[in-house]
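J.: Model the following, please.
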Amino acid sequence: MTNRDPSAPDNVDVSKIHEVMQTETGGRALTGPASVLLFIVPLVWSLFQLWIASPLPYIVNFGILNSTEARSIHLAFATFLAFTAFPMFRGRHDTHIPWFDWILALAASFSAAYLFLFYDQLSERPGAPITQDLVVALGGLVLLLEATRRALGLPLTVVAAVFITYSLAGPWMPDVIAHKGASLNKLASHQWLGTEGVFGVALGVSTTFVFLFVLFGALLEKAGAGNYFIKVAYALLGHMRGGPAKAAVVSSGLSGVISGSSIANVVTTGTFTIPLMKRVGFPATKSGAVEVAASTNGQLTPPIMGAAAFLMVEYVGISYLEVIKHAILPALISYVALIYIVHLEACKLGMKGIERLNKPTLAQRMLTWVVLLLGLIILSFAVYYGIGWTKTLLGDAAVWVLGPLLLVVYMALVAYAAKFPPLEVDDGSTDMTQLPEVAPTVKTGLYYLLPVVVLVWCLTVERFSPQLSAFWATLFMVFIVLTQRPLLAFFRKHEGIGKSIYQGWSELLHAFATGGRNMVGIGVATATAGIVVGTVTLTGIGLVMTEFVEFISGGNLMLMLIFTALISLLLGMGLPTTANYIVVSTLMAPVIVTLGAENGLLVPLIAVHLFVFYFGILADDTPPVGLAAYAAAAISGADPIRTGIQGFAYDIRTAVLPFMFIFNTQLLLIGLTGPLDLVITIVSAVVAILAFSAATQGYWLTRSHKWESALLILIAFTLFRPGFWWDRIYPEYAEQPGAQIVDQIEVLAEDPEVDYVVLQVTLLDISGDERSTWMQLPIAEGGTPEERLMNMGIEGSPDGDRYAVDFIGFDSPAERAGLEFGSTIDVVRVPQERPPRELVYIPALALLALLGWLQVRRRRKENPSETAPAT
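T.: Coordinates of the predicted model:
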């Protein structure tokens with residue numbers, strides 16, 4: 001007999017969902033004092049994280065911790081909960097904590113807290129650990145691997161163990177990856193007693209950024225925002241063909257703002273969307289696959305994109321706002337395409353939408369969408385430009401004006417929401433024969449948007465760090481959780497305000513505990529992934545990887561990208577997205593940038609990191625170990641492997657995007673020349689992804705012939721990469737000898753649209769061998785070309801067709817780009833005047849129109865009663 005949750009839809013095996021979610025919520029169902037302790041510890045952890053993120057320690061001059069001390073305490077909480085919340089073996093000791101787990105939990109937390117407890121003593125003996133230090137460090141490594149195995153399974157544990165073995169057994173490795181090896185003392189000191197390994201950047205990001213955003217999501221969910229987003233999605237989209245499936249896509253995207261976890265999205269929204277999709281005609285496999293595809297893409301959606309996005313801030317060296325800017329267009333067009341795929345599936349199945357209570361006229365529907373679109377645009381502009389203008393006028397005093405105004409707006413929105421009936425939690429076991437009205441549904445929870453407004457305000461206007469921005473947004477969310485129910489009761493003139501206050505406090509404490517429990521897996525994952533990073537710095541394997549990948553790919557950039565994608569998918573089958581991202585980006589991102597430069601393609605580092613990030617996420621629905629697919633199959637009752645295959649088929653559009661933005665960085669909003677260029681980029685990208693989606697589905701305005709699908713793929717490729725064809729007709733650059741660099745600098749400096757120069761240079765590696773690569777340098781200010789070149793950090797003289805570099809300025813653009821003394825500049829690329837490459841869109845769009853006309857004709861012949869294509 002299976003476990004059933006009375007609130008869950010029919011045909012949902014809750015025990016299977018719980019099994020899949022074990023890595024996210026904890027593996028034990030405890031009762032008695034132990035359950036109280038496992039409620040209090042994550043609660044205290046959440047309070048600790050809020051404390052170190054707040055300005056209070058500096059105001060009261062108490063509890064000020066440096067980054068290493070904070071990471072140490074953070075990992076102490078995570079490891080303690082890993083040993084107490086997860087049993088040693090699944091299915092044993094599920095309802096109580098045995099004595100040996102208490103000992104392991106205390107030992108692990110002590111080892112993790114060792115850097116905090118003995119910080120002063122360790123700082124007095126850097127690089128010279130005593131026996132006690134080494135025992136704690138080696139024991140900590142072993143306990144961390146066991147905590148990782150319990151919380152996340154074997155894959156990440158095995159990966160970390162392999163890298164530790166590699167550190168120790170370097171001399172006995174094959175020649176291509178051999179190194180001199182590290183002693184146990186060196187390994188323990190490097191990995192545990194410093195900030196190069198376990199307590200490195202990855203754990204630091206988990207400590208500062210990630211925890212607060214996870215807590216922010218837990219508070220939003222506990223406040224009822226998750227149910228609100230689902231209801232709004234159904235109200236807006238349920239009347240369309242395949243409406244429940246489209247609502248699943250939108251609600252999962254909105255849930256991505258809350259959780260940043262594909263598995264959590266599946267079990268949150270899928271519990272309701274999958275049964276509804278099945279009831280309106282979607283097969284079980286496709287119902288689960290739609291939810292999987294939507295939920296995996298939830299991690300791509302700004303402003304909260306999971307822990308890996310915050311790691312990019314540290315690894316790439318740009319602000320979180322820049323990460324959001326570069327990620328926004330691919331995420332949006334990916335979601336637009338998924339909605340379109342669902343629409344095509346509904347058309348193939350001949351489905352209809354669900355009827356609304358009060359069916360609006362066409363004019364009313366158009367007005368609703370226009371008002372909604374304008375409302376979102378006005379809200380965004382109001383946050384950025386309105387607050388910015390206020391700050392310009394009031395300066396630092398702006399917060400004292402805008403803070404009370406925010407509270408007034410919150411009170412007004414709650415009072416407004418009180419005029420409408422509260423939203424009921426969806427019951428997937430009942431048929432949804434009618435949809436709620438849009439306006440009342442939207443109005444019941446508008447105040448849930450205010451914390452997101454605060455977050456955007458802090459990130460974009462105040463330019464706070466992600467940690468401080470998340471702190472203020474979380475603090476406001478705490479205020480909402482405590483006050484929304486009492487205020488709603490007051491405005492509705494209900495009795496029981498005291499009970500509402502108690503309920504608010506109860507929900508707040510449970511949200512804090514949930515946030516802490518949800519962080520256990522991320523905490524130990526980032527710590528364990530730090531072992532991989534530490535191994536790279538300890539052994540120098542990063543340099544070896546460049547040679548190894550270049551060897552197996554033959555120096556071909558496309559083969560190298562495919563190789564990297566396969567590694568990400570393979571590791572992602574067993575590793576969480578965050579750990580997968582850390583491992584692959586640490587090993588492969590520098591390799592792609594280096595080999596790309598050697599092949600003449602200057603790939604921005606953020607593009608490479610997003611490439612790895614995308615494929616790490618896609619691993620969640622890649623058979624045979626796609627956890628999101630298993631979670632969806634547990635709800636739909638379909639085969640998990642088939643669900644994963646179908647989900648990945650839907651996600652092919654997402655798998656194509658990384659290859660496109662590596663070669664066309666305008667998709668990441670890099671290198672745009674103005675508003676018109678932005679509009680053209682967005683429109684062409686949307687049309688391209690829709691054409692590609694239609695091709696993969698074999699259906700556009702009617703069922704497509706194979707040659708039509710092939711042409712749609714060609715059109716999509718042309719719209720994504722117009723330069724591929726245009727560069728063959730009109731080359732973008734002319735190559736001039738390096739000896740002419742001074743003359744070419746003078747020519748380039750006169751062009752107001754050019755602010756950089758691209759050079760092919762020859763460098764000498766450690767062994768004295770020559771290596772040719774390309775690099776891009778900003779053109780410096782100066783009165784003469786010689787002064788500009790000198791201000792760029794380059795001094796030298798012509799040597800035949802080359803330019804010999806005799807001196808490199810310290811910390812100059814040339815030095816930062818990697819140019820070295822003794823290297824030579826072989827070629828200077830000079831941009832050529834040519835027609836805009838966007839002209840290639842004209843034949844592509846003409847061909848698309850011709851295909852559309854042919855399909856409409858064929859459709860009318862097949863269905864004479866229809867005079868227009870379905871919408």
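
J.: Give me the local confidence score for G445.
T.: G445 carries a pLDDT value of 87.

J.: so it touches Y228, yeah?
T.: Yes. At 3.7 Å, G445 counts as touching Y228 under the criterion of CB atoms under 8 Å. Bear in mind the C-beta positions are built from the backbone N, C-alpha and C, glycine included.

J.: what residues are shared contacts of these two?
T.: L423 (CB atoms under 8 Å, 6 or more residues apart in numbering).

J.: neighbours of A137, just the number please.
T.: 25 (other CB atoms under 10 Å).

J.: mind checking which helix or strand it is in?
T.: helix 131-152 (DSSP states H and E).

J.: Against R463, how distant is S319?
T.: 8 Å (CB to CB, to the nearest Å).

J.: When the two are compared, which one has more neighbours?
T.: Comparing S319 with R463 by other CB under 10 Å, the one with more neighbours is S319, at 14 against 10.

J.: which residues sit in contact with that one?
T.: The contact partners of S319, taken as CB under 8 Å, 6+ apart, are V313, R463.

J.: Equivalent analysis for V520, please.
T.: V520 touches G26, P42, A78, L81, A82, A85, F86, A151, counting by CB under 8 Å, 6+ apart.

J.: run the last query once more with 6 Å
T.: Listed by CB atoms under 6 Å, 6 or more residues apart in numbering, the contact set of V520 reads A78, L81, A82, A151.

J.: to the chain's geometric centre, what's the distance from the helix or strand containing V36?
T.: Applying DSSP H and E as the criterion places V36 in helix 33-53. Helix 33-53 sits 26 Å away from the centroid of its parent chain (CA atoms, centre = their mean, to the nearest Å).

J.: Buried residues, the helix or strand just after that helix. List them.
T.: Per DSSP H and E, the first helix or strand lying C-terminal to helix 33-53 is helix 56-60. Within helix 56-60, no residue is scored as buried using 16 or more other CB atoms under 10 Å.

J.: residues in contact with the following helix or strand past helix 56-60?
T.: Elements were assigned by DSSP H and E; along the chain past helix 56-60, the next helix or strand is helix 67-85. By CB under 6 Å, 6+ apart, the residues outside helix 67-85 that reach it are 26, 28, 38, 45, 52, 97, 101, 104-105, 108-109, 112-113, 115-116, 119, 147, 150-151, 199, 203-204, 207, 520, 523-524, 527.

J.: Selection in PyMOL covering whichever of the residues you listed are buried, please.
T.: In PyMOL syntax, the buried subset of the contacts of helix 67-85 is picked out as below (16+ other CB under 10 Å):
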select buried, resi 26+28+38+45+52+97+101+104+105+108+109+112+113+115+116+147+150+151+199+203+204+207+520+523+524+527
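
J.: In helices only, show me the contacts of helix 67-85.
T.: Of the contacts of helix 67-85, the ones assigned to helices by DSSP state H are 38, 45, 52, 101, 104-105, 108-109, 112-113, 115-116, 119, 147, 150-151, 203-204, 520, 523-524, 527.

J.: Helices along the stretch 201-350 of the chain, start to end?
T.: Taking DSSP state H, counting those that start in this stretch, the helices of the stretch 201-350 of the chain run over residues 201-205, 211-223, 225-237, 243-258, 262-279, 284-298, 307-312, 320-349.

J.: Comparing those helices, which yields the minimum mean pLDDT?
T.: helix 243-258 (a mean of 67).

J.: quick revisit: packed most tightly, which of the helices of the stretch 201-350 of the chain would that be?
T.: Ranked by mean neighbour count, the helices of the stretch 201-350 of the chain are led by helix 284-298 with a mean of 31 (mean count of other CB atoms under 10 Å).
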